Every structure is written in structure tokens, then in C-alpha cells.
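*Asks:* Pasting a predicted model and its sequence here:
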Amino acid sequence: MGEIRNCPRCGKVFNYIARPICGRCMQDEEEEFKKVKEYIDEYPGANMPEVSDATGISVDKIMRFLRDERLEISGEDSNIFLECERCGRSIRTGRFCDKCKDEIQNELRNSLGSTKTTTRTEHKTEKMYTATRRR
């Protein structure tokens, strides 16, 4: 069960499970994303200020869509620049370049591989219950 939080966008109370904003604001944000995507599809050479002015969506929010890998910068001559947060290399979408993503993934695999993993046979005495059964 999630915890109760106030939505940072609208201030309403919501049950936080996985998304940082309430369901209503999530729907609004999805509509904003669709607006940006449709504009970019219609005008593929548009720069970020043009997209922002035409859609009414802030440049910061469009940058977040890029960082969340929901949009990608197209064309080599683009005036939009994203940098890998780890090495500073120029990227088209997301937070990390492909090389850094691979390195991070390998580091995680190595660190997880070095920890002791338990097998199913070691947990034969443990049982799972639903919350109502334990009462």
C-alpha cells in the first residue's frame, strides 16, 4: 500500500504508489506530452522555443520529456543540446549516453553478482500471507 502525499503540482492529497503526482495531474501531463508530440510530428524542424510557444508547454517540461526518453532530438544540426550526466558527451535523449548506460549496467551486475544470493531451498520454512490472514 502506498503512502499519502500531497501532489506537488496541484496540492491535492493522493495515494503515492509509483508516480510522483496525482492521477489527475498525470492525465494533464499526458495531454501536454501529446500536444508537444503532435506539434513536433507536424513541424519536425521546430526548435524548442517554437514548440513551447506554439503548444503553451514550458521549455523545462519539454526538457523533462527529453530526459525521460519520451522525446528524442532529431537531426545533427539541432540547436538543442543534452549532455550525458556522467561523462558530458552529447546525447539525443535520456540522461546517459549508451556507453555510460552499458558501464552502469555492468557495474550493477558485478555488484549484484558479488553479493550472496539465496535459493528457494533456503527459504522452505518461510511462508507468505495476505494482510487479512495475518490478523
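*Replies:* Done, it's in.

*Asks:* Where do the domain boundaries of this protein fall?
*Replies:* Per automatic domain parsing, the structural domains of the chain span 22-77, 81-114.

*Asks:* can I get those in JSON lines with distance to E3?
*Replies:* In short, each C-beta sits where N, CA and C put it, glycine included. Formatted as JSON lines, the domains of the chain follow (distance: least, CB to CB, whole Å):
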{"stretch": "domain 22-77", "distance to E3": "13"}
{"stretch": "domain 81-114", "distance to E3": "26"}
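
*Asks:* As TSV, those with mean neighbour count and mean pLDDT would be great.
*Replies:* TSV is the format used below for the domains of the chain (neighbours: other CB atoms under 10 Å; pLDDT from 0 to 100):
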stretch	mean neighbour count	mean pLDDT
domain 22-77	14	91
domain 81-114	13	91
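
*Asks:* and of those, who's closest to C10?
*Replies:* domain 22-77 (5.4 Å; CB to CB).

*Asks:* quick one, what contacts R89?
*Replies:* Applying CB atoms under 8 Å, 6 or more residues apart in numbering, we find R89 in contact with 83, 97, 99-100.

*Asks:* Ok, V36 next?
*Replies:* Per CB under 8 Å, 6+ apart, neighbours of V36: 51, 55, 57, 62, 65, 71.

*Asks:* which stretches of this structure form strands?
*Replies:* Along the chain, counting by DSSP state E, strands occupy 3-6, 13-16, 82-83, 90-91.
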